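[1] I would like the atomic coordinates for the input below:
(2 chains)
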Amino acid sequence: MKSAVTTVVTAADAAGRFPSTSDIEAVKGSFDRASARMKAAEKLASGIDQVTADAVDAVYGKGSYDQANKDKCARDIHHYLRLINYCLVTGGTGPLDEWGISGMREVIRAQMLPTAAYIEAFAHIRDRVCVPRDMDQQAATEFKSLLDYLINALS
Amino acid sequence: MLDAFSRAVVSADAKGSPIGASELVALRKYVSDANKRIDATLAITQNVSCIAADAVAGMVCENTGMTQPGGNCYPTRRMAACLRDGEIILRYVSYALLAGDPSILDDRCINGLKETYVALGVPIANAVRAIEIMKVATVAIMTETNSGRKMFEGINSGSGAQCQEIAAEAASYFDRVISAIS
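    Have a look, this model is predicted:
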C-alpha cells in the first residue's frame, strides 16, 4: 500500500541503504501535514452518508428516476468517498489507485455507466465544501485535491 | 508493505467502513510522537557499525572457539558475513520503526531467514545472542542509558527518558527476528 512512509522505505531498501536524512525529512513533511489530513478524514467519515445523499440529489435533480438505479449510484459514490477517506489517512493516493481506479475504466465500459454523472457528483461535493463550516482551510485543500484526482481519473 | 496508516486502512476496508474518530486516536498518537520516532531511527542509523560490531564481537568473546579454525567465524570472510547480516537486520528494524509497522521486516528480512541460516550452517543460538546484544545496545542508545556519548543532546525530542515507549517498540522488532529464527 503506497503511502508517504512506504514510498520512502521502498526506495531506501531498493538502494540497500539506511533511511537517510532526506528520507527522514520527507517522512517528517508528511507528518506535518498529517493532522490536517486526519481532520478532513474524520469530518468526511462522520458525514459520509449525508454527503453521498446530497451528491445523489444534485445529480438526479427533481425528476423521477428508478430508485434502484439511484441506490446503486449512491453506493458507488459512498464507495469512492470511503477510498478518499483512506487516502486522507495514508497521505498518498494508494487506496484510490489500488482499489478504486485500477480496472475502473474497464468496469465502467463493460457496464455502460455514465461517468459524467459521477464526475458531476464529485464536482458538486468539491464545490460545496465550505471553509470553515465543514473543515478548516488546510483540510479542505487536501480533500479537494483528492476529489480532483478522482475526477481526473474518471474523465 | 504497510505502515501505521495503511494498516488502519486495510483493517477498515475489511469492514467496509470509513476511518472515523475512534480509529484516528492511535494514528494521532503516532503523528504526535513523530519526533521521537525520527530520533529513535537516527539512533540506529548513526550507530549501525558500532552496534553491529559490538554485537558480533560480544558473541565471539563468549564463544572464543568461533574464530579458531573450524569455528563458524573463521576465516574472516565468514566473520564479515556475520557483520553484514547484523547491519541488514538493523536496517530492516530501522525501516519498521520509521513505518511504525513490522510488515516490511516480516516480508523482506524474516521471511525465509531461518531456512537460510539452517541451510548455511549458521549456529542459531549464536545468531540469537548477537541479535540480543544489538537489541540491548539499541535500547540503551535510544533511552540514553548507554555509557559514552549521549544521543539526544540538541536534537528533536529532548531526552532519552522520553523515548522509553519507542525503544520498547524497537525491542519488539528485534524480538520478532529472534523468535522467527529460534
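[2] CA only for contacts and neighbour counts going forward, please
    Fine.
[3] Can you point out the buried residues in stretch A:50-64?
    Within stretch A:50-64, the residues scored as buried using 16 or more other CA atoms under 10 Å in any protein chain shown are A:V51, A:T52, A:A53, A:D54, A:A55, A:V56, A:V59.
[4] so what's the first one closest to, chain neighbours aside?
    Read that as A:V51. The shortest distance from A:V51 to any non-neighbouring residue, by CA to CA, 6 or more residues apart in numbering or on different chains, is to A:I125 (7.2 Å).
[5] What parts of chain A come near chain B?
    Counting by CA under 8 Å from any CA of the partner chain, chain A comes close to chain B at A:1-3, A:5-6, A:9, A:17-19, A:24, A:28, A:31, A:34-35, A:38, A:41-42, A:45-46, A:82-83, A:85-86, A:89-90.
[6] Just the buried residues out of the residues you listed, in PyMOL syntax.
    PyMOL command restricting the residues of chain A next to chain B to the buried ones, with burial defined by 16+ other CA under 10 Å:
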select buried, chain A and resi 1+2+3+5+6+9+18+19+24+28+31+34+35+38+41+42+45+82+83+85+86+89+90
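[7] Please tell me how far the residue nearest to A:V51 sits from chain B.
    To chain B, A:I125 is 17 Å away according to CA to the nearest CA, to the nearest Å.
[8] I'd assumed A:A55 was in contact with that residue.
    Yes - at 6.3 Å, A:I125 counts as touching A:A55 under the criterion of CA atoms under 8 Å.
[9] which other helices and strands contact the helix or strand in which A:H78 is found?
    Using DSSP states H and E, A:H78 falls within helix A:67-90. Packing partners of helix A:67-90 (3 or more CA pairs under 8 Å, 6 or more residues apart in numbering or on different chains; DSSP states H and E): helix A:21-60, helix A:94-95, helix A:137-154, helix B:4-15.
[10] Beyond the last one, next helix or strand please.
    Downstream of helix B:4-15, the first helix or strand assigned by DSSP H and E is helix B:21-32.
[11] So what angle separates the directions of the following helix or strand past that next one and helix B:21-32?
    Tracing the chain past helix B:21-32, the next element assigned as helix or strand by DSSP H and E is helix B:34-45. Between helix B:34-45 and helix B:21-32, the angle comes out at 50 degrees (axes from the mean of the first three to the mean of the last three CA atoms, to 10 degrees).
[12] Just the C-alpha atoms of helix B:34-45, please, in PDB.
    The C-alpha trace of helix B:34-45 is given here as PDB (Å, rounded to 0.1, in the frame of the first residue of the first chain):
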ATOM      1  CA  ALA B  34       6.900  11.600  15.200                       C
ATOM      2  CA  ASN B  35       9.900  13.400  16.500                       C
ATOM      3  CA  LYS B  36      10.700  10.600  19.000                       C
ATOM      4  CA  ARG B  37      10.300   8.100  16.200                       C
ATOM      5  CA  ILE B  38      12.600  10.000  13.900                       C
ATOM      6  CA  ASP B  39      15.200  10.400  16.700                       C
ATOM      7  CA  ALA B  40      14.900   6.700  17.500                       C
ATOM      8  CA  THR B  41      15.500   5.900  13.800                       C
ATOM      9  CA  LEU B  42      18.500   8.200  13.800                       C
ATOM     10  CA  ALA B  43      19.800   6.400  17.000                       C
ATOM     11  CA  ILE B  44      20.000   3.300  14.900                       C
ATOM     12  CA  THR B  45      21.300   4.800  11.600                       C
END
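[13] Tell me what angle it forms with helix A:21-60.
    140 degrees.
[14] Tell me the buried residues in the very next helix or strand once past helix B:34-45?
    Note on helix B:34-45: by DSSP H and E, the next helix or strand toward the C-terminus is helix B:48-62. Buried positions in helix B:48-62, judged by neighbour count with 16+ other CA under 10 Å: B:V48, B:S49, B:I51, B:A52, B:A53, B:D54, B:A55, B:V56, B:A57, B:G58, B:M59, B:V60.
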